[in-house]
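Participant: Predicted structure and sequence below. I'll ask about it afterward.
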Amino acid sequence: MFENLTSKIESAFSFFNKSTQLDEKQVDEGLRKIRQALLESDVALSVAKEFIANVKPKAIGQEVLKSITPGQLLVKIVYDELVKILGSEKSEINLNTVPPAKILVVGLQGSGKTTTSAKIAKFIEKNFNKKVMLSSLDVYRPAAQKQLELLGSQNNIQTIPIIEGQLPIEITQRTLAAASLSGSDVIIFDTAGRTQIDSVMMSELNNLKKIINPIETFLVADSLTGQDAVNIASEFKKTVDLTGIILTRIDGDGKGGAALSMKSVANCPIKFLGVGEKIDDFEIFHPERIANRILGMGDVVSLVEKVSENLKKEEVEELEENFKKGQFTFNDYLKQIRQMKKIGGMGKVLGMIPGISKIKKQIDEADIDESLLVKQEAVILSMTPKERDNPKIIDGSRKKRIANGSGTDIALVNKLLKQHKMMTGMMKRMSQGGGRNFGGLDGIPPELFNNLK
């Protein structure tokens, strides 16, 4: 996400690094580059103009301290403005009403409304310990109701039973009655979409909203729609008075312009991001963290949160104890591989590490393949418990057996053994130095990792 915008803005910042003061001519040239970067990343023209207009007076004439460069000073100014445009602070989901809290999910066809409805339900059950009911009002798209029913059954979320031939208003009334009887705390209504905005769809949504009276009305928008996303948000805002936006397919969007544009144009907060296909690939939208990513500063806090969500306390304590002893077995390595897979794979992790955009070319050339994690896991699982604890005993014949058992080759086994040896050495050095560089991310405050405990 944001790779295109990040690289172009970083290029614009480099323009200032040789100066000792930001004069108007320099600022104009640098901001021209930033404006171009915004527009090429599908940021709406009106938003780009407002952004530049707000940054310019704050940048002109700023004295540069000896400890920083003009480029670094401008990063701070641009960062503050990015956060302002993105929403200043995260906007919590609102469930503060007499149960059941009703949530209306709207959007165009193909934006991911049905999957997102299930993700919202899972998020609420997991984080708020509420009983959620899902209801599909989409009687037009073939199998739309079946899709929501399947997602519900797969994730143990209650769905309203399907009755063929019922219209959306009838389904709504039946859902409200059923939720009251079952004691549901939250109802999520998944509405029908269209391939484009039309009066019939908007009229139906208007009628449904009057009956449902939702506390939250979420627009689900595909981030890949770019400039069109702004028009979509504006139209839905007029019709159903949105309370929040959920951007989907963020993981496939290298531009990220929709995130910068929609909140500003629709005057409506972005509340969540859909970052993958799995039910848990759903994140709260943090403006300051997104601003960090756009400026190539990574998102260490989110990375730590993902790790802490997926690692059990006992596993962390065991890993810490091994680190203190300078030990790193293949069982520890296996846990790290599985942890990497759980939080989204190599690509997602790298995207959250500060400064990674500066070496993106080298990473691309290294051709890091996500399937490598699967192969490495297979190799470790083909080892005996004794071999995992003491890799030094793995000789030629053992390597051949492990390669055959894992469906790989001896070259990969050798490579994994070499990596393990390097990591073991690193663990020993860390244990001697107090373990302050946990995970090898130099310069990251160790207190961040206390969240793991």
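Facilitator: Happy to help now that I have it.

Participant: For my notes, confirm residue 219 occurs in a strand.
Facilitator: Yes. The assignment for residue 219 by DSSP: H, G, I helix; E, B strand; the rest coil puts it in a strand.

Participant: need the contact list for it.
Facilitator: Each residue near residue 219 by Cβ atoms under 8 Å, 6 or more residues apart in numbering is listed here: 106-107, 232-233, 236-237, 242, 244-246, 266, 268. C-beta: built from backbone N, CA, C; applies to glycine.

Participant: so how far is residue 152 from it?
Facilitator: As judged by Cβ to Cβ, to the nearest Å, residue 219 and residue 152 stand 22 Å apart.

Participant: swap in residue 233?
Facilitator: Taking Cβ to Cβ, one finds residue 233 at 28 Å from residue 152.

Participant: Mind checking which of the two has more residues around it?
Facilitator: When residue 233 and residue 152 are compared on other Cβ atoms under 10 Å, the one with more neighbours turns out to be residue 233, at 26 against 22.

Participant: Without its sequence neighbours, what residue ends up closest to that one?
Facilitator: residue 266 (3.8 Å; Cβ to Cβ, 6 or more residues apart in numbering).

Participant: isn't that neighbour right next to residue 234, touching?
Facilitator: Yes. Here residue 266 lies in contact with residue 234, judged by Cβ atoms under 8 Å, at a distance of 5.8 Å.

Participant: which of these two has more neighbours?
Facilitator: residue 266 (23 against 17).

Participant: how about the strands of the stretch 201-350 of the chain, start to end?
Facilitator: Taking DSSP state E, counting those that start in this stretch as the test, the strands found in the stretch 201-350 of the chain are 216-222, 244-248, 270-274, 282-284.

Participant: Looking at these, which is nearest to residue 228?
Facilitator: Ranking those by proximity to residue 228 (Cβ to Cβ) places strand 216-222 first, at 9.1 Å.

Participant: In a markdown table: the strands of the stretch 201-350 of the chain, plus distance to residue 147.
Facilitator: What follows is the strands of the stretch 201-350 of the chain, written out as a markdown table (distance: least, Cβ to Cβ, whole Å):
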| stretch | distance to residue 147 |
| --- | --- |
| strand 216-222 | 14 |
| strand 244-248 | 15 |
| strand 270-274 | 16 |
| strand 282-284 | 17 |
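
Participant: Residue 50 is nearest to which of these?
Facilitator: Residue 50 lies closest, by Cβ to Cβ, to one member of the strands of the stretch 201-350 of the chain: strand 270-274, at 17.1 Å.

Participant: Quickly list what the residue nearest to residue 236 when sequence neighbours are not counted is bridged to.
Facilitator: Closest residue to residue 236 apart from its sequence neighbours, by Cβ to Cβ, 6+ apart: residue 219 at 5.0 Å. Taking DSSP bridges as the rule, residue 219 bridges to residue 106, residue 245.

Participant: what pLDDT does residue 219 get?
Facilitator: As predicted, residue 219 sits at a pLDDT of 93.

Participant: now residue 34
Facilitator: Confidence for residue 34, expressed as pLDDT, is 81.

Participant: how near is it to residue 260?
Facilitator: 12 Å.

Participant: These two - which one has more neighbours?
Facilitator: residue 260 (28 against 22).

Participant: How is the spatially closest residue to that one that is not a sequence neighbour assigned, secondary-structure-wise?
Facilitator: Of all residues not flanking residue 260 in the chain, residue 43 sits nearest, at 4.8 Å (Cβ to Cβ, 6+ apart). Assigned with three-state DSSP, residue 43 falls in the coil class.

Participant: Just the helices from the stretch 1-150 of the chain, written as ranges.
Facilitator: Secondary structure of the stretch 1-150 of the chain (DSSP state H, counting those that start in this stretch): helices located at 3-14, 24-40, 45-59, 70-86, 113-128, 144-154.

Participant: any chance of these in JSON lines, with distance to residue 375 too?
Facilitator: As requested, the helices of the stretch 1-150 of the chain are exported to JSON lines (distance: least, Cβ to Cβ, whole Å):
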{"stretch": "helix 3-14", "distance to residue 375": "26"}
{"stretch": "helix 24-40", "distance to residue 375": "38"}
{"stretch": "helix 45-59", "distance to residue 375": "44"}
{"stretch": "helix 70-86", "distance to residue 375": "39"}
{"stretch": "helix 113-128", "distance to residue 375": "30"}
{"stretch": "helix 144-154", "distance to residue 375": "28"}
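
Participant: and among these, the most buried is which?
Facilitator: Ranked by mean neighbour count under mean count of other Cβ atoms under 10 Å, the helices of the stretch 1-150 of the chain are led by helix 113-128, which reaches a mean of 21.

Participant: what does that one contact?
Facilitator: Outside helix 113-128, the residues that reach it (Cβ under 8 Å, 6+ apart) are 93, 95, 103, 105-107, 130-132, 134, 136, 138, 144, 147-148, 151-152, 155, 157, 186, 188, 190-191, 193, 218, 220, 246, 248, 272, 274, 277, 279-282.

Participant: Perfect, I'm done here.
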